[in-house]
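A.B. asks: This is a predicted model, with the sequence first.
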Amino acid sequence: MKALLTGLWLTLALLSLPVVAEDMKAITEDGRRVILGSDGRWRFDYKASASRLQISDSPYRPAVKAFSVSFDTEKWGLAPANSSEGSNKRAFKHRTLPLYAVVISDEIPVSKEVMRSLIISNAKNGATDVKVLVDETKSSKGKEVGSMRFLANRDGIDFVVASYYYGDGRGNIQVMCWTGQSLFYKYQTDCQSFLDGLSID
């Protein structure tokens, strides 16, 4: 009986203590920092921007490990994988702007010239009225890469696509960024920043 009374007293004492739940910090699947409240609600963690990730903290490495693409994880996130895409292709989406990007890479050794032809051919297969606006060679971290910008129409919408591409005996890589024609020049800096993340060892 004494043990039962002691147990009841202990239970009542514990139940009378105030329950304090603390907020928890978390990172969503797409990389945003949030605070989960004790009431079941959540909110963005704006203080986390003070400890912002640097561009070098999040490189994407495709199958060919000699290539990588660094990007600002606060601006760009991985888009949901499409089951029809191969493992050599990864899509990205800007977190706040209507900008899209894709990295395609595989181990087939090709030259820059062949890559250029493939890009134009693929653009013509997927869109109409493809018009090359810029076609040049640029230096990216000490390597000569192809740089192309073209206009294409798909389903009645005009897009501007900017691309860096490279190929050698180890494989090839193509980094593309695009948005609607009317918006491209407004957001060109963010697009260029994504392309400039290309690194070739």
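C.D. replies: Arrived safely. As the structure is a computational prediction, the values presented were derived from the model and not from experiment. Numbering: from 1, shown residues only.

A.B. asks: Regarding the residue lying closest to residue 195 once chain neighbours are set aside, which helix or strand does it belong to?
C.D. replies: Ranked by CB to CB, 6 or more residues apart in numbering and with sequence neighbours excluded, the top spatial neighbour of residue 195 is residue 164, at 4.8 Å. Where C-beta positions appear, they are placed from N, C-alpha and C, glycine not excepted. Assigned by DSSP states H and E, residue 164 falls within strand 157-168.

A.B. asks: cool, and residue 183?
C.D. replies: helix 181-184.

A.B. asks: what sits against the nearest residue to residue 201 once chain neighbours are set aside?
C.D. replies: Among residues not flanking residue 201 along the chain, residue 66 sits closest, at 4.5 Å (CB to CB, 6+ apart). Residue 66 sits next to 170, 171, 200, 201 when contact means CB atoms under 8 Å, 6 or more residues apart in numbering.

A.B. asks: Please pick the buried ones from those.
C.D. replies: Buried by 16 or more other CB atoms under 10 Å: 171, 200, out of those.

A.B. asks: quick one: which two of the contacts of residue 66 are the most distant?
C.D. replies: 171 and 201 (11.6 Å; CB to CB).

A.B. asks: got any residues that touch both of the two?
C.D. replies: With CB under 8 Å, 6+ apart, residue 171 and residue 201 have common neighbours 66, 67.

A.B. asks: before we move on, what SS does residue 39 have?
C.D. replies: coil (DSSP: H, G, I helix; E, B strand; the rest coil).

A.B. asks: could you check the distance from it over to residue 24?
C.D. replies: Separation of residue 39 from residue 24 (CB to CB, to the nearest Å) stands at 12 Å.

A.B. asks: Looking at those two, which one has more neighbours?
C.D. replies: residue 24 (11 against 8; other CB atoms under 10 Å).

A.B. asks: what separates that one from residue 73, distance-wise?
C.D. replies: 21 Å.
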